[in-house]
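Q: Mind folding the following:
(one chain, ligands or ions: 1)
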Amino acid sequence: MEARRVPPSMSARRPLQGPIQGERIRSMVERDVEGVAELEAAAFGSPWEAATFRRLLGRSGAELLVAEVGGELVGYAVLWCILDQGELANIAVDPAWQRRGVGGRLLERVLERARERGVTDLFLEVRESNAVARELYRRRGFRQIGVRRNYYDSPREDACVLRLEL
Ligand SMILES: CC(C)(COP(=O)(O)OP(=O)(O)OC[C@H]1O[C@@H](n2cnc3c(N)ncnc32)[C@H](O)[C@@H]1OP(=O)(O)O)[C@@H](O)C(=O)NCCC(=O)NCCS
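A: Residues are numbered from 1 along each chain as shown. Below is the predicted model of the structure:
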């Protein structure tokens, strides 16, 4: 089924009760990019451009995944791999779909793909104030190994550097 953005009135943007299990996680393709860039702009103060996702689609070391529910794009993740090192470079879920387990299942798929590629150490940076993301990573075994001072803009903030041994 082709992934597409549906108008808010037609989408499942009404509050749902409890977790959802029905999302499909698959590789990102060119036609996802505009929708992904929209989610990116909603999620981050300094968002990546659509062109960045497009460029990464052609790179052999990059894994780009999307989560969709009934054909609606609800989340995405980007993993970079160089030999046995990986970096979770990006992950986000549509605010209307957060806190229902999609981010966790996307992350698990990223870990699976990283293992398949022979990654043994996976790294990421996360804003110090991003309690939800930090908890998500902590529960999957990531541990903090350092801090990058003033790493982020809009607003300026330190990054926690996390590592997971796969
Ligand atoms: C981080 C993000 C991807 C999580 O997506 P999500 O679909 O909401 O995630 P889930 O519902 O799977 O899980 C949320 C986790 O947060 C935790 N959590 C829930 N409420 C929380 C709270 N009030 N405080 C701290 N952690 C909380 C839960 O423990 C849950 O972990 P679990 O799956 O182990 O139970 C999503 O919040 C997002 O897109 N944020 C904006 C972009 C972003 O910050 N990306 C990460 C950049 S490093």
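Q: Check for me that residue 74 belongs to a strand.
A: Yes - the assignment for residue 74 is a strand, going by DSSP: H, G, I helix; E, B strand; the rest coil.
Q: measure it to the ligand for me?
A: 8 Å (Cβ to the nearest ligand atom, to the nearest Å). Every C-beta, even on glycine, is put in place using the N, C-alpha and C of the backbone.
Q: got a list of what that residue touches?
A: 23, 67-68, 93-94, 96-97, 102 (Cβ atoms under 8 Å, 6 or more residues apart in numbering).
Q: Let's have these in a markdown table, adding pLDDT.
A: Listed next are the contacts of residue 74 as a markdown table, based on pLDDT from 0 to 100:
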| residue | pLDDT |
| --- | --- |
| 23 | 90 |
| 67 | 98 |
| 68 | 96 |
| 93 | 97 |
| 94 | 96 |
| 96 | 93 |
| 97 | 94 |
| 102 | 96 |
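Q: Okay, and which of these map to strands?
A: 67-68, 93 (DSSP state E).
Q: hey, what's the most centrally placed residue in the chain bridged with?
A: Most central in the chain under Cα atoms, centre = their mean is residue 91, positioned 1.4 Å from the mean C-alpha point. Note on residue 91: beta-bridge partners residue 77, judged by DSSP bridges.
Q: Pick out the residue of the chain closest to the ligand.
A: residue 103 (2.2 Å; Cβ to the nearest ligand atom).
Q: pretty sure that residue is touching residue 136, no?
A: Yes - counting by Cβ atoms under 8 Å, residue 103 does reach residue 136; the two are 5.9 Å apart.
Q: More neighbours: the two, which one.
A: residue 103 (21 against 17; other Cβ atoms under 10 Å).
Q: what packs against the one helix or strand residue 33 maps to?
A: Assessed by DSSP states H and E, residue 33 sits inside helix 33-43. On a contact count with 3 or more Cβ pairs under 8 Å, 6 or more residues apart in numbering; DSSP states H and E, helix 33-43 meets helix 50-57, strand 72-82, strand 85-93.
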